[in-house]
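Trainee: Pasting a predicted model and its sequence here:
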Amino acid sequence: MDGYWFKSSKFEIEPGEDDEINPGVYGRQLARWLKQRLEEKHYIVEDIINEDWGRCLMVNRDPFWLWVGCANMSNGLAVQGHNPPPKEEIVWRCFVVAEVPHFIRFLRKVDTAPAISRLYSDLGEILRSEPAVTLVEEP
């Protein structure tokens with residue numbers, strides 16, 4: 001599986017936050033915390049982007065998009081309006097994506113591997129340094 005999978009008692013599920021995205025999809029506090037930690041590592045992170053699967057933290061747009069996705073992993077039972085699971089039972093996931101726009105791919109080859117590797121490394125440091133995070137699986 002790609003990315004870091006972990007449990008944590010740190011991130012609360014805020015009332016109604018899945019109304020912004022999809023039923024049973026959480027992670028607003030995780031995204032805010034992760035944005036701050038990435039900025040401490042000198043990444044320039046744009047405002048948090050809500051996606052249907054979770055939150056996106058864009059850290060680069062040139063010459064390619066580089067971002068971190070984060071959200072809870074749904075148990076398939078979450079339905080809007082029902083109580084979310086206790087925060088200690090949630091499995092969270094953070095992953096790194098690099099996207100090279102088509103027009104750039106036609107003009108030149110762009111090697112995204114070093115940026116992906118660095119961001120995964122920094123993400124791992126951030127998660128391992130937080131006492132309230134217990135890694136379940138990592139890349």
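Mentor: Cool, the structure landed. Numbering: from 1, shown residues only.

Trainee: from here on, contacts and neighbour counts on C-alpha atoms
Mentor: OK.

Trainee: what's the helix or strand for Ala71?
Mentor: According to DSSP states H and E, Ala71 maps onto strand 65-72.

Trainee: all strands for the protein, in order.
Mentor: Taking DSSP state E as the test, the strands found in the chain are 4-8, 49-51, 54-60, 65-72, 92-99, 133-137.

Trainee: State the mean pLDDT of the first one.
Mentor: Okay, so that is strand 4-8. On average, the pLDDT along strand 4-8 is 96.

Trainee: And for the last one?
Mentor: Confidence over strand 133-137, taken as the mean pLDDT, stands at 94.

Trainee: Can you give me the buried ones in it?
Mentor: Within strand 133-137, the residues that qualify as buried by neighbour count (16 or more other CA atoms under 10 Å) are 133, 135.

Trainee: about what we covered before: out of the strands of the chain, which is closest to Lys35?
Mentor: Nearest to Lys35 among these is strand 54-60; the distance by CA to CA comes to 6.8 Å.
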